[in-house]
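*Asks:* Model the following, please.
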Amino acid sequence: MSAKVTMYSTRFCPFCMRARSLLGKKEVAYEEIDIGSDASLHQKMQALSGRTSVPQIFINDVAVGGYDDIALLDRQGKLDSMLATPSA
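*Replies:* Numbering: from 1, shown residues only. I've put the predicted structure just below:
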């Protein structure tokens, strides 16, 4: 079992593409929510994360930030254990 990962994104955002690539390298299954054409989804993402930029990534329903944030967690050796923790 692994963590529940959700990513709010837009289709052509370069940081979203990097996040997809990193999660793909980690072989993580994740739900991707494209907010590009739906203002209500953008508002939901902002309410959940407190941020307006994409991507916004949630691990087990906890906002961990965008691509730079998960890349830092990966460099610090923390991302793998977060991804391996099953959702409650």
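*Asks:* Show me what the helix or strand that contains residue 47 is packed against.
*Replies:* Taking DSSP states H and E as the definition, one finds residue 47 inside helix 39-49. Helices and strands touching helix 39-49, by 3 or more Cβ pairs under 8 Å, 6 or more residues apart in numbering; DSSP states H and E, are strand 5-9, strand 31-34, strand 56-59, strand 62-65. For every residue, glycine as well, the C-beta is placed using N, CA and C.
*Asks:* Which of the helices or strands spans residue 20?
*Replies:* helix 14-25.
*Asks:* Would you mind confirming that residue 70 makes contact with residue 57?
*Replies:* Yes - with contact defined as Cβ atoms under 8 Å, residue 70 and residue 57 form a contacting pair (5.7 Å).
*Asks:* Now do the shared contacts for the two.
*Replies:* 19, 64 (Cβ atoms under 8 Å, 6 or more residues apart in numbering).
*Asks:* what's the closest non-adjacent residue to residue 79?
*Replies:* Distances taken as Cβ to Cβ, 6 or more residues apart in numbering put residue 73 closest to residue 79, at 4.1 Å, once the chain neighbours are dropped.
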